[in-house]
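Student: Prediction below, plus the sequence it came from.
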Amino acid sequence: MTFRVHFYAEQAFLAQTKAMLDRGCSDEEPETAAMCILACVSAVEALTNSILSKEINFRHFDELRITSKIEQIQIFGGTEPDWGNDPWQSVRRLIRMRNWLAHYKEYDIGLVNNDFEWTRDTENKAPRIDPYRELTFENAKNYYDKSREALYILVQNSGANESNFDFLQTEQYMPFLVG
């Protein structure tokens, strides 16, 4: 006997993010936030790829940036993402944070004083991304919520059967389906 196995990467990434957030704030807040950011962007990209491939039959989607993929789905649905307002503003910021984390080059990002405020002088500038402000539990939770909200909007605009994507609202994830 054989069984067909389906793997839903977006659900795996969202499930892991939810599990990390459900554990609550800890001494490892920056590490948890960083992993949540990476997982949320991965979920966004996995589901946008799936929508473009299966629902819209868009060719060459793998050559596009994540924001361009989102725009293609929105245009298909007759609208465009408003990058100046949520959830799209948070998604764009999430992608920016992921890029900073994943493409990070320099370990020495600057100097802070006793209050952990960035010290600027002729040799030191404030970093483009402030990890003390960005890598927080609160921001990770916001990115998780806004990612799910944005993905549900994309599902609606793609014409996909919304009941197949209830997990975006219920947070009941099943990354594997065997049958």
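Tutor: Arrived safely.
Student: use CA for all of it now, contacts and neighbours both
Tutor: Fine.
Student: could you pull out the helices for the chain?
Tutor: With DSSP state H as the criterion, the chain has helices at 9-22, 29-50, 66-76, 88-102, 131-134, 137-158, 167-170.
Student: Ile109 is nearest to which of those?
Tutor: Ile109 lies closest, by Cα to Cα, to one member of those: helix 131-134, at 9.7 Å.
Student: From Gly110, how far out is the residue nearest to Val112 when sequence neighbours are not counted?
Tutor: Nearest non-adjacent residue to Val112, counting by Cα to Cα, 6 or more residues apart in numbering: Trp118, 4.4 Å away. Distance, Trp118 to Gly110, using Cα to Cα, to the nearest Å: 7 Å.
Student: Who has more neighbours out of these two?
Tutor: Trp118 (17 against 14; other Cα atoms under 10 Å).
Student: Report pLDDT for Ile129.
Tutor: Confidence at Ile129, expressed as pLDDT, is 76.
Student: can you check Lys125 too?
Tutor: 66.
Student: Give the burial count for Gln11, as a bare number.
Tutor: 22.
Student: Quick check: buried residues in stretch 84-101?
Tutor: By 16 or more other Cα atoms under 10 Å, the buried positions in stretch 84-101 come out as 87-92, 94-95, 97-98, 101.
Student: can you count the residues close to the closest residue to His6 other than its chain neighbours?
Tutor: Nearest non-adjacent residue to His6, counting by Cα to Cα, 6+ apart: Leu177, 5.0 Å away. When neighbours are counted by other Cα under 10 Å, Leu177 registers 11.
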